[in-house]
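1. Quick one, fold the following:
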Amino acid sequence: METTFFLRGLLIGFSIAAPVGPIGVLCIRRTLSDGRLAGLVSGLGAASADAFYGSLAGFGLTLVSNFLVSQQRWLRLVGGLFLVYLGLKTLLSAPADQSNQVAKAGSRGLWGAYLSTLLLTLTNPLTILSFAAIFAGLGLVETGGDTLAAGTLVLGVFSGSAAWWLLLSGGVSLLRKRVTPAMLRWVNRIAGLVILGFGVVALVM
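-> Numbering: from 1, shown residues only. Sure, this is the predicted structure:
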């Protein structure tokens with residue numbers, strides 16, 4: 001039974017993480033600029049947020065989820081402003097050379113990469129709505145009375161989301177050696193504009 005819940009969670013986590021949005025663009029850009037580890041850690045921040053929202057749906061914590069949904073206007077504002085900040089920062093950043101890539105790959109840089117995507121995903125109210133809808137559609141809200149089943153499901157959600165970010169960062173890193181500073185400059189500009197666009201959309205919706 002637990003294996004079934006884990007596999008379902010795995011599929012849910014992978015499916016929710018896979019569509020390319022601002023987090024995906026950020027992960028690709030960081031992988032090309034700072035290396036595979038930076039891209040993977042960025043993705044794990046989003047996977048942690050997915051696991052948090054998955055636990056709200058899996059454990060039946062409707063009080064918390066309803067509160068977060070009721071505050072979606074403020075959450076969208078915070079997330080939108082943060083996306084605008086990241087977009088502008090990426091747009092104006094210069095390609096990193098090998099020396100400051102090593103510095104960025106330090107623990108402080110990795111924590112920053114993790115926390116930034118964690119915050120962005122947590123401030124997206126559509127995430128909790130997506131999990132609630134999928135869990136209800138699959139009849140998984142019944143796990144609210146079974147702690148082991150709910151925990152197994154949440155573990156599957158995190159593993160599925162993390163698997164996507166591992167594949168994405170690993171695949172992009174294969175192209176990293178072929179990316180010249182001039183190409184990376186354009187990657188920064190395009191990624192910055194895309195992230196900035198997501199932020200503006202979040203603010204005006």
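
2. give me the low-pLDDT residue ranges for this structure?
-> Scanning the chain for pLDDT under 70 picks out the ranges 1-2, 60-69, 94-108, 125, 132-146.

3. contacting residues for residue 170?
-> 36, 40 (CB atoms under 8 Å, 6 or more residues apart in numbering). From N, CA and C alone the C-beta is placed, and that goes for glycine too.

4. in what helix or strand does it lie?
-> helix 147-173 (DSSP states H and E).

5. buried residues in that helix?
-> 149-166, 168-169, 172-173 (16 or more other CB atoms under 10 Å).

6. Contact partners for residue 127?
-> Contacts of residue 127 by CB under 8 Å, 6+ apart are 16, 49-50, 53, 121.

7. Quickly note the distance from the residue nearest in space to the middle of the chain to residue 22.
-> The chain has residue 46 as the residue nearest its centroid, 2.7 Å off, counting by CA atoms, centre = their mean. With distances taken as CB to CB, to the nearest Å, residue 46 is found 10 Å from residue 22.

8. Which residues are in contact with each of those two?
-> What both residue 46 and residue 22 touch, as defined by CB under 8 Å, 6+ apart, is the set residue 120.

9. Would you map the helices across the protein?
-> 2-17, 22-34, 36-58, 62-70, 72-92, 98-104, 107-122, 125-137, 147-173, 181-204 (DSSP state H).

10. that older thread, what about the helix holding residue 170, distance to the chain center?
-> The chain centroid and the centroid of helix 147-173 are separated by 11 Å under CA atoms, centre = their mean, to the nearest Å.

11. I'd like the contacts of residue 127 as a markdown table, with neighbour count and distance to residue 75 appended.
-> Formatted as a markdown table, the contacts of residue 127 follow (neighbours: other CB atoms under 10 Å; distance: CB to CB, whole Å):
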| residue | neighbour count | distance to residue 75 |
| --- | --- | --- |
| 16 | 22 | 17 |
| 49 | 23 | 12 |
| 50 | 27 | 16 |
| 53 | 25 | 12 |
| 121 | 24 | 11 |
